[in-house]
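Colleague: How does the following fold in three dimensions:
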Amino acid sequence: MDVRGAWKGGFETRLEDGRSHAVTVDLPVDEGGQNAGTSALELGVLSLAGCITTIFGLVAKKRKLVFTGLTISLKTCPMGVIFERAHIPVEVTIEISPTPRREAHPVSGHSHIGPD
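Modeller: Numbering: from 1, shown residues only. Have a look, this model is predicted:
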């Protein structure tokens, strides 16, 4: 990957992934930003959700599991909270074919930030 970031002022940065995709990160107004985009912390959590659904899709394809829906919910600490460790509960709902049904699978995990 060839990721580039260009600071636009204040807390706003335009990020590019080298594949013609871009996203702007910024802080909310009440945090001193202009709210021009999602915060970098929010983008990290959004990326985690994307990783989980992508990995599920890859595993389902490999195992020939046909599914008709997949949703994910992650809960994190509020903005502006400084933390040394994060615990992010994850809930995934999957609709499976040929007999569609909803199954909720709560999964908990945590991410360590800083020394143990």
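Colleague: Please count neighbours and contacts with C-alpha atoms only from this point.
Modeller: Noted.
Colleague: For the residue most central in space within the chain, give me phi and psi.
Modeller: With distances taken as Cα atoms, centre = their mean, the residue of the chain nearest its centroid is residue 46 (1.8 Å). Phi and psi for residue 46, reported as degrees, to the nearest 10, are phi -60, psi -40.
Colleague: how near is it to residue 65?
Modeller: Counting by Cα to Cα, to the nearest Å, the gap from residue 46 to residue 65 is 25 Å.
Colleague: Likewise for residue 72?
Modeller: Distance from residue 72 to residue 65, by Cα to Cα: 18 Å.
Colleague: And these two? Which one has more around it.
Modeller: More neighbours surround residue 72 than the other of residue 72 and residue 65, with 16 against 13 (other Cα atoms under 10 Å).
Colleague: give me the low-pLDDT residue ranges for the protein?
Modeller: The chain contains residues with pLDDT under 70 at 77-87, 97-116.
Colleague: any chance you could map the helices in it?
Modeller: 40-62 (DSSP state H).
Colleague: how about the strands in it?
Modeller: 4-9, 12-16, 22-25, 67-74, 85-96, 102-112 (DSSP state E).
Colleague: Between strand 67-74 and the longest one, find me the angle.
Modeller: Looking back up the chat, that one is strand 85-96. Direction vectors for strand 85-96 and strand 67-74, defined by axes from the mean of the first three to the mean of the last three Cα atoms, to 10 degrees, enclose an angle of 160 degrees.
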